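>>> Any chance you can model this:
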Amino acid sequence: MDRKYVLLLVIAALCGHDLKAQGFAELNINDVKATVFSNGLIGPSSPNGSGLEVPAGTGLSPMYTSGIWAGGNSSDDQLKFAAHVYGNSGERDFFPGPLTVDGSAAISAQVSTAYDQVWSVDQAEVQQHRAYFECLNDPGCDPNIEFPDGYEVPTSFLNWPAMGDVDAGQATYLAPFFDYNNDNNYDPYDGDYPCVPGDQALYAIFNDRLDVHTQSGGGSIGLEVHMMPFAYASDPALAQTVFVHYQLINRSSQTLTDFRIGHFADLDLGCGDDDVVGTDVGRNMVYVANSSDNDVSCTGRLGYGEQPPAFGMVILKGPLLDMDGMDNTTDPAIPAFNGYGYNDGIIDNECHGLSNSMYFLRQGPVETTDPSMPAHYYGNLRSMWKTGLPLTQGGNGYSTNPSAIQARFAFPGGTDPLGLGTGGVPQSAWEPQVDISSGFVDPRAVASMGPVVLETGEQISLLVAYVYARAGSGGAQGSVAALQQRVDSIRAFARSIPGMFTLGDEEQLPCAELNTSIREGRSVRNILSIFPNPVSDQLSLGTETLPSGTQLQVLDARGRSVAELVSKGTITRFSVADLPVGLYTVRVIGSSSNFAGRFMKE
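From the prediction side, this is the model:
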């Protein structure tokens, strides 16, 4: 038996088998404190705490809890669903630990208890570990000189859940690691180490199969989820931002159709009673802002005061579309509008972006409040109310008028100029609004991706980010504008994380590249970054990976060439002022490398 698994069983014996036990760890870097639990829930840190504290140490928070929703229909037409919400006692759909890989998707209480923890790794420890073993294997390096106080392998490396117990039916490999001596086994004393992005990362493995779903009431899927929150402290452009990478694996023998994934957040921006939520369709973002320019304290929660911030939950990478053997071309429709991998010369690498967004309230008309049964949760992922009626354009989005215009996205403002959320018919701007004067308070939101078919054994890779911005002036709306600018930078950066957007969700992120910190430089292979996006006047193309003089082509939504230009150094600028409003693609002419990007002219 693997010695790592023996250690986990010892921990299980010490802790007992309480299914409600909840290990947690704190991501505390980059002016953010985030509490992550072993069942994948982010926050709250205490009954009166929060999921995120920004700025760190202030007691102020833009978010109470967050986590994933997932569900679809089985072959016998049964809805299978699991969800994170608030983490209240007795309300749980997810549990710590990996499942067996034989199709039964089984797990024992003992194994779950052994994995009732969240692992934490600092990039500085990785760098020191690498340096030590490289010195040991370098005849010109004396470890007694380079490491005069000796070297001790960090405890976090020894406890890293790299390998499962094959004899117990688990997968051979779980958490990603760098195999220093290429022996296909994880042993830090041989130079191996955890594979993590960022300057600090957490890791949790959880499932929806251990027990009944007391949160959503949905049937179990047999889903195993690997979750890695991480953050960078070495780049000011990423300040107060947390990334979360998810790997969802169907360990069951059932195939689910119309499978949808949601990312839920109870977005309490200081005092949650005066918040409004909105959607930025092109940026794949659901966000929260204050309804006034002064966020006062309420219900025991500190307000941000005057000039309040804005906070967003951004989908950076959604699930792959079902394979069709084609390089799907860009057209003005969801998911091509805000997805990734379209019209780039690569077969079946197209990803969903934000497919739907929905909100509900802590307090308000019963049809607009928290979901309470599986059909409610699943309906939210399809922009449906608890009554089964669709979200509709305008007002608070709830209407019994059969002529009301059905909408995919809640409160998109002016970010859907093509009307892609309203059947391709452009509508007037629908700004965020909650009728606080009528007692409608505390909006919660869920960003949805899909649908896809989830086959037995299939894996889905996701990347989301939590982004905070506080403008120096302009009130609450000034902070929304600052948030949009920051998200543009973060979206461009995310494309440069090595291995994050490689083709094939079944592959772990390549550790040989991933363990490189920002300080060591970025790999930007096969990436053409575009900003700002959407754009109205001057477009900037990040062309640092292209030889100067490379020819570029701009195509409209129908694939027609509308402009050609030549790359110039690290940034190539292009005026789009004369282009009609719409979606465009930029491609490299005559290159075997698939550099491509898209932008929205507004």
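
>>> buried stuff in stretch 342-362?
Buried residues in stretch 342-362, defined by neighbour count with 16 or more other C-beta atoms under 10 Å: 342-344, 348-361. Yep, even glycine has a C-beta here, placed from its N, CA and C like the rest.

>>> Can you get me a residue count around residue 489?
Using other C-beta atoms under 10 Å, residue 489 has 17 neighbouring residues.

>>> Doesn't it lie inside a strand?
No. Secondary structure assignment (DSSP: H, G, I helix; E, B strand; the rest coil) places residue 489 in helix, not in a strand.

>>> so it makes contact with residue 237?
Yes. Counting by C-beta atoms under 8 Å, residue 489 touches residue 237, with 5.0 Å between them.

>>> Kindly report the domain assignment for the chain.
3-318+353-520, 529-601 (automatic domain parsing).

>>> does residue 133 sit in a helix, a strand or a coil?
Residue 133 falls in the helix class when you classify it by three-state DSSP.

>>> Surely it is in contact with residue 191?
Yes. Counting by C-beta under 8 Å, residue 191 is a contact partner of residue 133 at 3.8 Å.

>>> Can you work out which residues contact both of these two?
Common neighbours of residue 133 and residue 191, counting by C-beta atoms under 8 Å, 6 or more residues apart in numbering, are residue 180.

>>> more crowded one of the two?
Ranked by neighbour count (other C-beta under 10 Å), residue 133 and residue 191 place residue 133 first, with 21 against 18.

>>> any idea of the mean pLDDT in stretch 413-424?
Per-residue pLDDT values across stretch 413-424 average out to 95.

>>> I'd like to check what contacts it. Which residues are they?
Here stretch 413-424 makes contact (C-beta under 8 Å, 6+ apart) with 278-283, 332-334, 337, 393, 405-409, 412, 425-427, 429-432, 534, 581-583, 600, 602.

>>> on that earlier part again, comparing the domains of the chain, which yields the minimum mean pLDDT?
domain 529-601 (a mean of 77).

>>> tell me the contacts of the residue positioned nearest the centre of the chain?
Residue closest to the average C-alpha location in the chain (C-alpha atoms, centre = their mean): residue 464, at 1.7 Å. Applying C-beta under 8 Å, 6+ apart to residue 464 gives the contacts 243, 244, 246, 263, 313, 314, 315, 316.

>>> cutoff 6 Å now
The contact partners of residue 464, by C-beta atoms under 6 Å, 6 or more residues apart in numbering, come to 244, 263, 315.

>>> By neighbours, which of those residues wins?
Busiest of these [other C-beta under 10 Å] is residue 315, holding 28 neighbours.

>>> Touching, that one and residue 283? I think so.
No. Between residue 315 and residue 283 there is no contact under C-beta atoms under 6 Å: 9.1 Å.

>>> Now do the helices in the chain.
Using DSSP state H, the helices of the chain run over 3-15, 109-114, 123-136, 143-146, 155-158, 374-381, 475-494, 511-514.

>>> just checking, what packs against the fourth one?
Yep, that's helix 143-146 we're talking about. On a contact count with 3 or more C-beta pairs under 6 Å, 6 or more residues apart in numbering; DSSP states H and E, helix 143-146 meets helix 123-136.

>>> So which elements touch the helix it packs on?
Using 3+ C-beta pairs under 6 Å, 6+ apart: helix 123-136 touches helix 143-146.

>>> Residue 122 reaches residue 202, doesn't it?
No. Residue 122 lies out of contact with residue 202 (C-beta under 6 Å); the separation is 10.8 Å.

>>> Look at those two and report which has more neighbours.
Shown here are residue 122 and residue 202; by other C-beta under 10 Å, residue 202 has more neighbours (25 against 16).

>>> For the more buried one, name its beta-bridge partners.
Legend: beta-bridge partners of residue 202 under DSSP bridges are residue 120.

>>> and what of residue 96?
The residues that residue 96 bridges to, once DSSP bridges is applied, are residue 206.

>>> what's the neighbour count on it?
By other C-beta under 10 Å, 26 other residues sit near residue 96.

>>> Contacts only, for it.
Taking C-beta under 6 Å, 6+ apart as the criterion, residue 96 is in contact with 38, 39, 112, 115, 116, 206.
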